[in-house]
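K.L.:
just need the structure, nothing else, for what follows:
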Amino acid sequence: MNKGKMIKGLIASVVLASGLGFSGGSTFAAKNFTDLDSDKTHAEAVKYLNALDVFDYKTGTKLNGSAKVTRAEASVVLHSLAQYTDLKKVRTYKNNFKDLNKKTPNYKEIVWAYEVGLYGGDAKGNVAPKEELTRAQMAKILVIMFDLKTDKKMTFKDVNSKHWAYKQINILASNGITVGDGKGNFKPNNKVTLNQLSTFILRISNMQNEEVETGEVKTFEEIKKMAKDLYNSPLYQPEEIVFYTSKNFDDEFLDYLVTEDISQDLPGYSFFGRQVSLYVEKENGKYKNYLSVANTREQEDDLEYSKKMDKAEKYIVDNYTLNTDYDVVSALIDFVTNQFEYGDFIEEGHPYLLWGQNTVCTGYTDLMAELLTRFGLESRLVTGDAHAWNAVKLGGAWYYTDATFADGTKQKDKYTVMTNSERVASLNNPSNPIETTFKATEVPFDKSMALPYNYEKQKKNTKRK
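P.N.:
Residues are numbered from 1 along each chain as shown. Purely as a prediction, here's the structure:
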């Protein structure tokens, strides 16, 4: 499948962040830059990438898209899009560059760019992270990044067949990604601005290549089944199904994600696991739908995460008494709250997790969801009042459990098992209803209601992600 089409639609897809959903019918800007419209030629492109959090590295209220892009900055932009491509590591960085060390800004992204083959060093052993990117360098990088190809030949007056980037520039031109200056010149040595880089990427994402189309879909139930099958398929790269409908199901799909409890259809669904999205556009009187599922962890990270989760699971089994289903939930709440401190800053290098010791509600919720799945307990994700938590089946009934609220309090039991009313009362704004149509029981939980639990038996039936 074409990498450009993988990216297409993500600008207006359903984005789940901090328990909130944003509809595909509007553009959600990750940052409120005041100058997104400053250059009309590139406004659509910079808004597109901004909606994908590509400019998250920028500080302040201005994007400054007319500024030249350094090789380091280009590394950051492209690294943020890597999850939507088939890019693989082709070499290992072993302190190859004299002008690069761990204190260099964007060190991680520069190393990534080297390891996947986007950058090399110069004859003196430097990578020149502060050097501004040329149009020729950009051509090479984009062709590798998105695996672009062509059988056609295009010519520019200032780029002959002996130019080191002739092949890559030809590929961009043949695919309509660049048209030059209108006078037959490409200007390979000119420096690239952030606005221009954004437009090149948008053009790649809009390339019309082969798609997987299913024909016309008539009911929303069919869409839900496709989302379920696609989500539960083993994949590491984004997958997409394209189909037509006579009705726009965009709003219904958003409700499905947020209010109809998608975790019932998508076992183990988590905010930081896989992202489900539906992008809809009008075409010839019909609605063209792009249904996408993408891992938010790359394969290498996913494997590392799995190993860390194995370690976490073993720690819990070795250090907690797990005689009942309540014991399991109580143990998981205690374990999870000991892993995090609430905060937006996320550190690396955590002994069990990928995202570190600081997170927000979705971090707590995601870890709880995956641990509950590993320990064989039925669970769901729930949202409401700009917050996210879990629901779990205990003693044969559904209760809420909230690791975020349990963290930092001596009353962990209060948030380990909650009825629907207890959950509503604990929220900052009790008048704001829980968004999902699913509701926990109103029967207060008593430990005598807990069911016997056998880890070894549950382990055999647990589906590993």
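K.L.:
going forward, measure contacts between C-alpha atoms and count neighbours the same way
P.N.:
Noted.
K.L.:
sketch out the helices for the stretch 101-250 of the chain, chain order is fine.
P.N.:
Applying DSSP state H, counting those that start in this stretch to the stretch 101-250 of the chain gives helices spanning 107-115, 135-145, 166-174, 194-205, 220-231, 250-258.
K.L.:
and whatever helix or strand comes next after the last one, what does it pack onto?
P.N.:
Using DSSP states H and E, the helix or strand that directly follows helix 250-258 along the chain is strand 274-283. In this structure, strand 274-283 makes packing contacts with strand 15-17, helix 220-231, helix 250-258, strand 286-295, judged by 3 or more Cα pairs under 8 Å, 6 or more residues apart in numbering; DSSP states H and E.
K.L.:
quick check: angle from strand 274-283 to strand 286-295?
P.N.:
The directions of strand 274-283 and strand 286-295 differ by 160 degrees, with axes from the mean of the first three to the mean of the last three Cα atoms, to 10 degrees as the criterion.
K.L.:
adjacent strands (with direction) for strand 274-283?
P.N.:
Strand 274-283 has the following sheet partners, assigned by DSSP bridges: strand 286-295 (antiparallel).
K.L.:
pull out the buried positions in the partner strand.
P.N.:
Buried positions in strand 286-295, judged by neighbour count with 16 or more other Cα atoms under 10 Å: 287-295.
K.L.:
what's the answer for stretch 246-256, then?
P.N.:
So for stretch 246-256, counting by 16+ other Cα under 10 Å, buried means 248-250, 253-256.
K.L.:
try stretch 73-86
P.N.:
For stretch 73-86, the buried set under the neighbour-count rule, 16+ other Cα under 10 Å, comprises 73-85.
K.L.:
same thing with stretch 176-194?
P.N.:
Buried residues in stretch 176-194, counted by 16+ other Cα under 10 Å: 177-179, 186-188, 191-194.
K.L.:
likewise stretch 445-462?
P.N.:
Of the residues in stretch 445-462, those with enough neighbours to count as buried (16+ other Cα under 10 Å) are 445, 450, 453, 455.
K.L.:
any chance of CSV for those residues, columns pLDDT, secondary structure and distance to Asp334?
P.N.:
As requested, those are exported to CSV (pLDDT from 0 to 100; DSSP: H, G, I helix; E, B strand; the rest coil; distance: Cα to Cα, whole Å):
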residue, pLDDT, secondary structure, distance to Asp334
Phe445, 95, coil, 18
Ala450, 95, coil, 18
Tyr453, 96, coil, 18
Tyr455, 92, helix, 18
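K.L.:
from those residues, which is closest to Asn32?
P.N.:
The nearest member of these to Asn32, counting by Cα to Cα, is Phe445 at 44.8 Å.
K.L.:
for the closest one, list the residues it contacts.
P.N.:
Each residue near Phe445 by Cα atoms under 8 Å, 6 or more residues apart in numbering is listed here: 417-419.
K.L.:
one more: Leu322?
P.N.:
328, 331, 453-455.
K.L.:
and which of these is nearest to Ala403?
P.N.:
Taking Cα to Cα as the measure, Ala331 is the one of those closest to Ala403, at 11.0 Å.
K.L.:
which non-adjacent residue is nearest the closest one?
P.N.:
In space, not counting the residues next to it along the chain, Ala331 is nearest to Tyr320; the distance is 6.3 Å by Cα to Cα, 6 or more residues apart in numbering.
K.L.:
related to what we said a few turns ago, select, out of the helices and strands packed on strand 274-283, the one closest to Lys98.
P.N.:
Using Cα to Cα, the nearest of those to Lys98 is strand 286-295, at 34.7 Å.
K.L.:
can you identify the element that follows that closest one toward the C-terminus?
P.N.:
Downstream of strand 286-295, the first helix or strand assigned by DSSP H and E is helix 299-319.
K.L.:
counting by contacts, list what that following helix packs against.
P.N.:
Applying 3+ Cα pairs under 8 Å, 6+ apart, we find helix 299-319 packed against helix 325-337.
K.L.:
so what touches the helix it packs on?
P.N.:
For helix 325-337, the surrounding residues in contact (Cα under 8 Å, 6+ apart) are 316, 320-322, 364, 367-368, 371-372, 375, 377, 394-395, 402-404, 406-408, 412-413, 416, 447, 450-453.
K.L.:
using ChimeraX, define a selection of the buried residues within the residues you listed.
P.N.:
To isolate the buried subset of these in ChimeraX, counting by 16+ other Cα under 10 Å, use the following:
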select :316,322,364,367,368,371,372,375,377,394,395,402,403,404,406,407,412,416,450,453
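K.L.:
now intersect the contacts of helix 325-337 with the helices, please.
P.N.:
Using DSSP state H, the subset of the contacts of helix 325-337 located in helices is 316, 364, 367-368, 371-372, 403-404, 406, 412-413, 416.
K.L.:
got TSV for these, with pLDDT and distance to Leu63 too?
P.N.:
As requested, the ones in helices among the contacts of helix 325-337 are arranged in TSV below (pLDDT from 0 to 100; distance: Cα to Cα, whole Å):
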residue	pLDDT	distance to Leu63
Ile316	96	46
Tyr364	85	32
Leu367	85	34
Met368	90	37
Leu371	90	40
Leu372	91	42
Ala403	93	37
Thr404	91	34
Ala406	93	39
Lys412	89	43
Asp413	89	46
Thr416	95	43
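K.L.:
between those, which is nearest Tyr114?
P.N.:
When the ones in helices among the contacts of helix 325-337 are compared for distance to Tyr114, the smallest value, 31.7 Å, is given by Leu367; criterion: Cα to Cα.
K.L.:
can you tell me the closest non-neighbouring residue to that closest one?
P.N.:
Closest residue in space to Leu367, ignoring its immediate chain neighbours: Val336 at 7.3 Å, by Cα to Cα, 6+ apart.
K.L.:
count the residues that sit near the one you found.
P.N.:
Using other Cα atoms under 10 Å as the criterion, Val336 is surrounded by 21 other residues.
K.L.:
same check on Val317?
P.N.:
Here the count is done by other Cα under 10 Å, and Val317 has 14 residues near it.
K.L.:
that one and Lys47, how far apart?
P.N.:
Here the criterion is Cα to Cα, to the nearest Å. By it, Val317 lies 48 Å from Lys47.
K.L.:
same question, Asp147
P.N.:
Relative to Lys47, and taking Cα to Cα, Asp147 is found at 24 Å.
K.L.:
between these two, point out the one with more neighbours.
P.N.:
Between Asp147 and Lys47, counting by other Cα under 10 Å, Lys47 is the more crowded of the two (23 against 14).
K.L.:
now do the phi/psi pair for Leu427.
P.N.:
When read as degrees, to the nearest 10, the backbone of Leu427 gives phi -70, psi 160.
K.L.:
per-residue pLDDT, it?
P.N.:
Here, the pLDDT recorded for Leu427 equals 84.
K.L.:
Pro267 now?
P.N.:
Looking at Pro267, its pLDDT reads 59.
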